[in-house]
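Trainee: Sequence unavailable; structure follows:
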């Protein structure tokens, strides 16, 4: 009886999220979060079918591994078989079930013990599937569990159809940054504090990634490791095909100078230099810089190029910091709360500039923020919890910066 009440409450929560949330990606992610929470599951994913290509793509997934760049052929693998057949699959004991021959979670380093995979059935056809694995308490999934998943999937499919969502999968992208089982520990007296607890994540070329999470979840630590400002305790870090897992100080210095641009909440401009001089200072120590005047022009400050920071507004100072990051022609720009100190109008102007940088320069931008609204303009949204990746959401239709409101 207690489980029945719990599941009915969960179904109601899913129905509310699907009906009330405008973004279908947000609605689906919210629904999967409810499912995984009520079933206390380790991982799960919602796969959508691109009928033109015959491929499935995980628009949202939760758990410690990143599935973002993986496409599955419809009819192949558990997800493909369930989608093509329209039939649900419950495997209580993967080790001893002859139907189980491994799945995508196993391929990425997880060990499946039990799973549920149910189709997303629209009126005319099946448009994808929902796949969850492993209860954290070690218990096996039941028929009641599968029934709840099927009800959720039916509601989701109906909502997708009503909203007229057209699934066009993103092209497979080239990996810019790859983190594998990254652990970071800090000494604290006689103890050791583990801040990153096995980060597995890929960041792709020419994409905008937003990283969300509560204070203390490891966002800044992960960014510091990607940016070469800190070294991990163990794991693997590959950047543009080069191994930076255990770099020397000289290698880190060269990496920071040539690979990465930084944008900080506090601007960090040199007060005794004009806007153009702040940018030129970075250009002079870079390997292949663009013209500082071009960088200033890109952020719309040509007329204010000779002003000192004290004569610029907060938004203008932040745009100078963007130009300073951009002038070195970095492969990746790391932005730490770049709009936190700005009002809405000024913050939106900064976001428009960043959006323009991605389009014109093909730069990868990774932004840490507490502002969940900004996540709507990202290609992907990464959530951290307890030093691990807790979920990854693909925005099929990112909002333009001009439409972001908070």
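Mentor: Ah, there it is. Since the structure is predicted, the reported quantities are computational estimates derived from the model, not experimental observations.
Trainee: CA atoms for contacts and neighbours, from now on please.
Mentor: OK.
Trainee: would you say residue 236 is within a helix?
Mentor: No - counting by DSSP: H, G, I helix; E, B strand; the rest coil, residue 236 is not found in a helix; it is strand.
Trainee: That one and residue 200: what is the separation?
Mentor: Distance from residue 236 to residue 200, counting by C-alpha to C-alpha, to the nearest Å: 9 Å.
Trainee: cool, residue 36 as well?
Mentor: Distance from residue 36 to residue 200, by C-alpha to C-alpha: 20 Å.
Trainee: ditto for residue 369
Mentor: 20 Å.
Trainee: can you pull out the helices in this structure?
Mentor: 2-20, 24-38, 77-85, 104-107, 143-163, 219-226, 249-258, 275-284, 292-298, 314-326, 344-361 (DSSP state H).
Trainee: Need the residues touching each of residue 236 and residue 200.
Mentor: Common neighbours of residue 236 and residue 200 (criterion: C-alpha atoms under 8 Å, 6 or more residues apart in numbering): 178-182.
Trainee: give me the low-pLDDT residue ranges for this protein?
Mentor: Within the chain, the stretches with pLDDT under 70 are 1-2, 20-23, 163-171.
Trainee: Would you confirm that residue 287 contacts residue 260?
Mentor: No - using C-alpha atoms under 8 Å, residue 287 makes no contact with residue 260, being 11.9 Å away.
Trainee: More neighbours: these two, which one.
Mentor: Each of residue 287 and residue 260 has its neighbours counted (other C-alpha atoms under 10 Å); residue 260 has more, 22 against 14.
Trainee: Just list the residues touching that one, thanks.
Mentor: Contacts of residue 260 by C-alpha under 8 Å, 6+ apart are 227, 325, 330-334.
Trainee: In JSON lines, list those along with neighbour count and distance to residue 26.
Mentor: Formatted as JSON lines, these follow (neighbours: other C-alpha atoms under 10 Å; distance: C-alpha to C-alpha, whole Å):
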{"residue": "227", "neighbour count": "20", "distance to residue 26": "29"}
{"residue": "325", "neighbour count": "23", "distance to residue 26": "31"}
{"residue": "330", "neighbour count": "23", "distance to residue 26": "32"}
{"residue": "331", "neighbour count": "21", "distance to residue 26": "30"}
{"residue": "332", "neighbour count": "29", "distance to residue 26": "27"}
{"residue": "333", "neighbour count": "24", "distance to residue 26": "26"}
{"residue": "334", "neighbour count": "22", "distance to residue 26": "25"}
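Trainee: These in strands, which ones?
Mentor: 332-334 (DSSP state E).
Trainee: related to what we said a few turns ago, which one's more surrounded, residue 236 and residue 200?
Mentor: Looking at residue 236 and residue 200 with other C-alpha under 10 Å, you find the greater number of neighbours at residue 200, namely 22 against 18.
Trainee: out of the helices of the chain, deepest packed?
Mentor: Of all the helices of the chain, helix 314-326 has the most neighbours on average by mean count of other C-alpha atoms under 10 Å, namely a mean of 26.
Trainee: That helix packs against which elements?
Mentor: strand 260-264, helix 275-284, helix 292-298, helix 344-361 (3 or more C-alpha pairs under 8 Å, 6 or more residues apart in numbering; DSSP states H and E).
Trainee: rewinding a little: I'd like the ones in strands among the contacts of residue 260 laid out as a markdown table, including distance to residue 137.
Mentor: Listed next are the ones in strands among the contacts of residue 260 as a markdown table, based on distance: C-alpha to C-alpha, whole Å:
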| residue | distance to residue 137 |
| --- | --- |
| 332 | 40 |
| 333 | 40 |
| 334 | 38 |
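Trainee: Which of those residues sits closest to residue 68?
Mentor: Of all the ones in strands among the contacts of residue 260, residue 68 sits closest to residue 332, with 18.6 Å by C-alpha to C-alpha.
Trainee: tell me the contacts of the closest one?
Mentor: Counting by C-alpha under 8 Å, 6+ apart, residue 332 has contacts 259-261, 363-366.
Trainee: mind checking how far it is from residue 386?
Mentor: Taken as C-alpha to C-alpha, the span from residue 332 to residue 386 is 25 Å.
Trainee: Residue 381 reaches residue 373, doesn't it?
Mentor: No - contact criterion C-alpha under 8 Å: residue 381 and residue 373 do not qualify, at 11.0 Å.
Trainee: Who has more neighbours out of those two?
Mentor: residue 381 (23 against 13).
Trainee: gap between the more buried one and residue 203?
Mentor: 11 Å.
Trainee: so what's in contact with the two at the same time?
Mentor: Common neighbours of residue 381 and residue 203 (C-alpha under 8 Å, 6+ apart) are residue 209.
Trainee: so who does the closest residue to residue 84 other than its chain neighbours touch?
Mentor: Distances taken as C-alpha to C-alpha, 6 or more residues apart in numbering put residue 75 closest to residue 84, at 5.2 Å, once the chain neighbours are dropped. With contact set as C-alpha under 8 Å, 6+ apart, residue 75 has these partners: 81-85.
Trainee: next one: stretch 212-230 to chain centre, how far?
Mentor: Relative to its chain's centre, stretch 212-230 lies at 14 Å (C-alpha atoms, centre = their mean, to the nearest Å).
Trainee: Looking at the helices of the chain, which is nearest to residue 306?
Mentor: Of all the helices of the chain, helix 275-284 comes closest under C-alpha to C-alpha, at 5.9 Å.
Trainee: For the closest one, which helices and strands make contact with it?
Mentor: Counting by 3+ C-alpha pairs under 8 Å, 6+ apart, helix 275-284 packs on helix 292-298, helix 314-326.
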